[in-house]
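Asker: got a predicted model here, sequence first, then my questions.
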Amino acid sequence: MVDYDRLFPYGWTESVAEEYTSLIEESCVPARVIRMDRGECDVATPTGLARARCQRADSAVSGLCTGDWVSIDAESTVQQLLPRRSAIMRSSVSGRSQSQVLAANVDTVLVCTAADGDIDFARIERMLTLAWESNAQPIVLLTKADSATDLPLDDVRTVAPGAATLAVSAASGAGLDALIALLDGTVALIGPSGAGKSTLANALLGAEVFATNAVRAADKKGRHTTVHRELRPLPGGGTLIDTPGLRGIGLWDASVGIEKTFSDIESLAAQCRFTDCAHGDEPSCAVREAIENGALTRRRLDSYHKLARENEWVQARTDKRLQAERQRVWRDIAKQQRRMYRERNSRY
C-alpha cells in the first residue's frame, strides 16, 4: 500500500490522484520533479525526497521539467512522464523549430516586473501571452514597490485584462497578504533578471531558500542569480517554482494566449465592418476608432500585430519541420522497400 502523505506538500491532491493513479505502471510509484539536472533529477516520492535517473535523451520520457509528475521504479529510474495539466512554453533559445518547457503543471503564474525602473509594457504582454497559453491563471506583479517613486498600476491593468495586478514589496511586506490570498496550487514566477523573483520567492516561503543578488544601479539590470528551476512547498499549502530570468521570450503556438492577452482588441475587432479587417484604412474600423478617441493606444495595437506575426511565423516553421520529418520517414520506408525488392529478386 503506497502512502501518499509525503506527496501532499508537493501538490498531490485528490484530483491529481484521480487522473494519474490508473496510468502508473505496476511496480512504479508517482513522483514530482523538484529540480532537473543533466541525466538526473531531484524528486518527491511517497517515501520522501530522492535522486532519480532519467532515461536517454531520445526516450519517451525526455524533456522533463520542474513540476512534472512522473513514475519511478524501485531503482529510482524515471519510467513515465505523466500527462501535463499545463505547461509554460516558449520557443527554444537555440533558434531551431522546437519548444522549451519552463515549468509544468502550474496553476498560477506570477508575471514579475520591477517597479523601480522603466515599465516595459510590451514585455508584460509577451509574458502574459505565455502564461495564458499555459492554461494557468496569470497575476501581474510590480515588485520592489517600496523603491518606486510611481506605481503605474492603472496603466499595467490596461495591458492585462482578465489578470489581477498588484504592487508588492518583499522587503517591506507590502501587498504580500493580498497576493497570498490569490495564490492557488502550484505557483511559478517568471520575469527578467533583476525583477526580484528570488527575493519574492523567499518572502513567500518564509525562509532564505533561493540566492539573491543586487541589480546594477546604472541600468537596473540583474544577473542570473537563479540558474535552475526549483520547486518548493509553500507554508500555507501549494508549491512554488522559481525560474531563471528570461532574456528571450519567443512565442510557441500561442494563438489562445494572444487572444486572451489582447481580449480588448479582439472584442473591438468583432465590431469592425469587415471580418478580415487589418485595422488600417478600412472603413468602419472599431479598433482604429478606439485609438482615435483614446480608448486604445497605438503601441498596444502594434504589439498585438507584432506578436500575431511572430506566432504565425513560428507555426509556419513548425509545419515545415514536421513536413520535412514526414518526408524523411517516407524516404526511409521507400529505401527499405527497394532494398527488400532487390534482395528478393537476387534470390531468383
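Answerer: Sure thing, it's come through.
Asker: in the protein, which residue is most central in space?
Answerer: Against the mean C-alpha coordinate of the chain, by Cα atoms, centre = their mean, the closest residue is residue 88 at 1.9 Å.
Asker: for residue 228, see how far away that one is.
Answerer: 15 Å (Cβ to Cβ, to the nearest Å). C-beta coordinates here come from the backbone N, C-alpha and C atoms, glycine included.
Asker: okay, helices next: where are they in the stretch 201-348 of the chain?
Answerer: With DSSP state H, counting those that start in this stretch, the ranges of helices along the stretch 201-348 of the chain come out as 255-261, 263-269, 286-292, 298-346.
Asker: what packs against the second one?
Answerer: So that's helix 263-269. Packed against helix 263-269 by the contact rule (3 or more Cβ pairs under 8 Å, 6 or more residues apart in numbering; DSSP states H and E) you find helix 286-292, helix 298-346.
Asker: phi, psi of residue 181?
Answerer: Main-chain torsions, residue 181, degrees, to the nearest 10: phi -70, psi -20.
Asker: just confirm residue 186 contacts residue 11, I think it does.
Answerer: Yes - contact criterion Cβ atoms under 8 Å: residue 186 and residue 11 qualify, at 5.4 Å.
Asker: those two: who's more crowded?
Answerer: Neighbour tally, residue 186 and residue 11, criterion other Cβ atoms under 10 Å: the higher count belongs to residue 186, 26 against 21.
Asker: separation between the more buried one and residue 301?
Answerer: Applying Cβ to Cβ to residue 186 and residue 301 gives a distance of 34 Å.
Asker: next one: residue 206
Answerer: For residue 206, the distance to residue 301 (Cβ to Cβ) stands at 43 Å.
Asker: neighbour-wise, which of the two wins?
Answerer: Just comparing residue 206 and residue 301: by other Cβ under 10 Å the higher neighbour count belongs to residue 301, 18 against 10.
Asker: give me the pLDDT for the more buried one.
Answerer: pLDDT for residue 301: 95.
Asker: phi and psi next, for the residue nearest to the centre of the chain.
Answerer: phi -90, psi 120.
Asker: quickly list what's touching both of residue 186 and residue 11.
Answerer: Among the neighbours of residue 186, those also in contact with residue 11 (Cβ atoms under 8 Å, 6 or more residues apart in numbering) are 105, 238-239.
Asker: low-confidence ranges in the chain?
Answerer: 1, 56-62, 92-97, 212-227, 318-327, 329-330, 333, 340-341, 343-348 (pLDDT under 70).
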